[in-house]
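1. give me a model of this one.
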Amino acid sequence: MVGLDDLDGPAGPLLEFAFETAAARRTALRAVHAPSLPPLYGYGPAVGQPASRDGGITGQAEEALSDALRPWREKYPQVPVARTVDLARASGVVLQAAAQAGLVVVGRRVRRPALGMRVGPVAHAVLHHAAAPVAVVPHG
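-> Now for the predicted structure:
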């Protein structure tokens, strides 16, 4: 399974690793995404409109996930792909999906912090709590 955070960001290396690995193992791939809820400030009927358009936040996230996976599904047609979108805490969603996985693939953004490399909260939780092997793939 592969956990995806930012569907608009550069997740190419993460998805490439996940699809290549699934193809090499001749197995299916589960793509998991827990979208961030948008902050809403203000009052009135217009405030909730973006969240209720196009199937709501979940529907929008499912469409964005499908769009992000499309080029990889075309490149690896032999890899069946299941998608999970959940409006819960990302680390919990990934860990729940990891319980059924043979390998968990998560990303780590490449940054040059002053105090060395670090992983984000989801990768940290998965490294400490997943029962399956974990691959942390650096990406832009």
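2. skip ahead from the helix-or-strand element of the chain with minimal mean pLDDT and say which helix or strand is next.
-> Least confident helix or strand, the chain: helix 49-52 with a mean of 54, by mean pLDDT, DSSP states H and E. Sequence-wise, the next helix or strand downstream of helix 49-52 (DSSP states H and E) is helix 56-75.
3. can you mark which positions in that following helix are buried?
-> The neighbour-count check on helix 56-75 (16 or more other CB atoms under 10 Å) flags 57, 60, 61, 62, 64, 65, 68, 69, 72, 73 as buried. (Each C-beta comes from the backbone N, C-alpha and C, glycine too.)
4. for residue 75, which residues are in contact?
-> Contact analysis of residue 75 by CB atoms under 8 Å, 6 or more residues apart in numbering lists residue 19.
5. next one: it from residue 104, what distance?
-> Per CB to CB, to the nearest Å, residue 75 is found 22 Å from residue 104.
6. which residues in the chain form helices?
-> Using DSSP state H, the helices of the chain run over residues 12-25, 49-52, 56-75, 90-98, 121-129.
7. which intervals of the protein have sub-threshold pLDDT?
-> Along the chain, the model assigns pLDDT under 70 to residues 38-54, 111-117, 140.
8. 80 instead?
-> For the chain, residues meeting the criterion pLDDT under 80 lie at 6, 8-11, 36-56, 109-119, 139-140.
9. coming back round to it: quick check, nearest of the buried residues of helix 56-75 to residue 10?
-> Taking CB to CB as the measure, residue 10 sits nearest to residue 68 out of these, at 10.9 Å.
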